[in-house]
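> I need the structure of the sequence given here:
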Amino acid sequence: MRRLLMVLALAVGVAKADVTPSALFSDHAVLQSGMSVPVWGTAQAGEKVAVTIAGQTQKATAGADGRWMVRLKKLKTGGPFDMTIAGKNTVTVHDVLVGEVWVGSGQSNMAFTVSKKKASYAGLADEDAEIAAANYPQIRIFMATTAKTYEPAAEIAGSWQVCTPENVPAFSAVSYLFARDLQKELKVPVGMLVVAFGASTAESWVRREALTANPALAPMVTRFDALENFYKTHPGATTDQVPAEAKAPQTINARPGKVGPLKDPVQDQHQPTVLFNGMVHPILPYAMRGVIWYQGESITGGLAGIARYPTVMETLVKDWRSLWGEGDFPFYVVQLAALNDVSNNPLVREAQSKILALPKTGMAVTIDIGDPKDVHPHNKAPLGDRLARIALAQTYGKKIEFSGPHYLDASVTDDSVIVKFDHAAGLMAKSGALKGFQVAGPDHAFVDADATIKGDLIEVKSAKVPIPVAVRYAWANYPEGANLYNGDGLPAAPFRTDNWDASAPVEAQITGK
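Alright, predicted model coming up:
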């Protein structure tokens, strides 16, 4: 037995001495072109490591903790290449491409796979046809394994997969469709690094230091710490025994649960920091071009959570940009689709749109491709196109339309409100007369309105409102029939011209009163 233990100890020692790259640097990887590319891993403390690819070699020495990192100089688009990582042993990474890398993150609609066979809630509307056509060897996707941790993790699990009909069923559908449309236009390799998990809140993807630095967000971390401490010090406790200081707001989608055993809050994707620690920290600072983000159905705290959401997202975007060290990289979000549920209410969509105040952001509108009964709409191909359009126009400088009609301002003329838009070339109503508009007078009571297109303007009025003051469009959880588009077939985002308190209908749905 003693001899066996000595052999095992020796084997472990040898394993620790081996040069081992992060799982991100594995066969079929895509590296970002045109910028410095960090490559990292582990080795024996003090070991010298050399990374070679495409004719250049960069060297580093493993620190006392055994970690090392090199930074490759700008790489030109191309491949496939072999990349060697050499110390006392040599690792060869095969079939590496250099092109465009994007991160896909968020909750279940980002994790949603191409095939329903990989996730019961998933599957594209035209799944079989999409899978059969998915032969794109220059597209690779890394689907990170879920990890929720209390402390920042060092390693990520997963592997790069080439886009083939055999592999695509397990890919994030939105990430795949976005990559496919980008690759077709750019004609370069595209890699997607997907870190997403169902029902996750935005704050779960933000690091502790960024949350605690903001007085409005710090209480979330305080409650989380109190709950984790209670869980550790009260084995066998039940949920009704949790002290008040450790109780956090439920998600909008949650319903009061039954009393039961208290579970580790670290494994709850609604808690702050846990997914940043487990899934974002270990991919930093993988060189990439930008982020696509699909999240919002799990905003916490009811109306208070909705009001806080723009602050959480601003914090997330600014902190991720700081941590990646690439400047203000593009960050493009998906606005929630139409759904007959309070999770997808107009105040949430309005809160999502606040991100557009930050530089190099964009928003893909999905109000027209929702499902009244399913929070996971299956018609995601238009979304892939809309995200790709934003990237092609704003990141890659292509001269294409990337947004539907966007509300600019409004003015009252006699018995009408005249609404002005940009991105309004070819303003049109799809399938009949314009629908989805409402108008209100000084009493703040909105009624359905007649809307008429006049160039890049829309005239809105109703015989029931002789003195109009404000207009709303598609202002409902599921605004059935809303059909304002521009000539490029892109839908208008829901909007309102007023700043009145619009919380009463949402609060009634949340509370059931």
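> middle-most residue in this protein, spatially?
Centroid check for the chain by CA atoms, centre = their mean gives residue 293 as the closest residue, at 2.0 Å.
> right, and that one touches residue 336 too?
No. Residue 293 is beyond contact range of residue 336, at 11.9 Å (criterion: CB atoms under 8 Å). All C-beta spots, glycine's among them, are computed from the backbone N, C-alpha and C.
> so the residue lying closest to residue 356 once chain neighbours are set aside, which of the three states?
Leaving aside its sequence neighbours, residue 356 sits nearest to residue 363 (CB to CB, 6 or more residues apart in numbering; 6.0 Å). With DSSP: H, G, I helix; E, B strand; the rest coil as the basis, residue 363 sits in strand.
> measure residue 363 to residue 322 for me?
Distance of residue 363 to residue 322, computed by CB to CB, to the nearest Å: 22 Å.
> straight-line length of stretch 484-493, end to end?
With CA to CA, to the nearest Å applied, stretch 484-493 spans 9 Å between its terminal residues.
> please read the previous query as pertaining to stretch 234-248.
18 Å.
> show me which positions of that stretch end up buried.
For stretch 234-248, a neighbour-count test (16 or more other CB atoms under 10 Å) marks 242, 246, 248 as buried.
> could you verify my assumption that the second one touches residue 220?
No. The pair residue 246 and residue 220 does not pass the contact test of CB under 8 Å, sitting 11.8 Å apart.
> find the residues that touch each one of the two.
Shared contacts of residue 246 and residue 220 (CB atoms under 8 Å, 6 or more residues apart in numbering): none.
> higher neighbour count, residue 363 and residue 322?
Taking other CB atoms under 10 Å, residue 363 and residue 322 do not tie; residue 363 has more neighbours (22 against 12).
> residue 307 versus that one, what's the distance?
Relative to residue 307, and taking CB to CB, residue 363 is found at 19 Å.
> would you map the strands across the stretch 251-400 of the chain?
With strands called from DSSP state E, counting those that start in this stretch, the stretch 251-400 of the chain shows them at 290-294, 331-334, 361-364.
> dump the ones you listed to TSV, plus mean pLDDT and distance to residue 153.
Below are these laid out as TSV (pLDDT from 0 to 100; distance: least, CB to CB, whole Å):
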stretch	mean pLDDT	distance to residue 153
strand 290-294	99	19
strand 331-334	98	23
strand 361-364	98	28
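> point out the most buried one among the ones you listed.
Most buried of these by mean neighbour count (mean count of other CB atoms under 10 Å) is strand 290-294; its value is a mean of 27.
> check which helices and strands that one sits against.
Where contact means 3 or more CB pairs under 8 Å, 6 or more residues apart in numbering; DSSP states H and E, strand 290-294 is packed against strand 90-106, helix 108-111, helix 173-186, strand 331-334.
> what's the second one in contact with?
This means helix 108-111. Residues contacting helix 108-111 (CB under 8 Å, 6+ apart): 104, 119, 121, 172, 174-175, 194, 196-199, 292-295, 297, 334, 375-377.
> change it to 7 Å
104, 121, 172, 174, 196-199, 294, 376 (CB atoms under 7 Å, 6 or more residues apart in numbering).
> show me where the stretch 51-200 of the chain dips below the pLDDT cut-off.
Across the stretch 51-200 of the chain, not a single residue meets the criterion (pLDDT under 70).
> run through the strands of it in chain order.
Using DSSP E, counting those that start in this stretch, the strands of the stretch 51-200 of the chain run over 56-61, 67-72, 78-86, 90-106, 136-143, 160-163, 190-196.
> these: which one's closest to residue 181?
In terms of CB to CB, the element of these nearest to residue 181 is strand 190-196, at 9.4 Å.
> strand partners of the closest one, parallel vs antiparallel please.
strand 90-106 (parallel), strand 136-143 (parallel) (DSSP bridges).
> of all those strands, which one is nearest residue 456?
Proximity to residue 456, assessed across those by CB to CB, is greatest for strand 90-106 (32.5 Å).
> how distant is the closest one from the center of its chain?
19 Å (CA atoms, centre = their mean, to the nearest Å).
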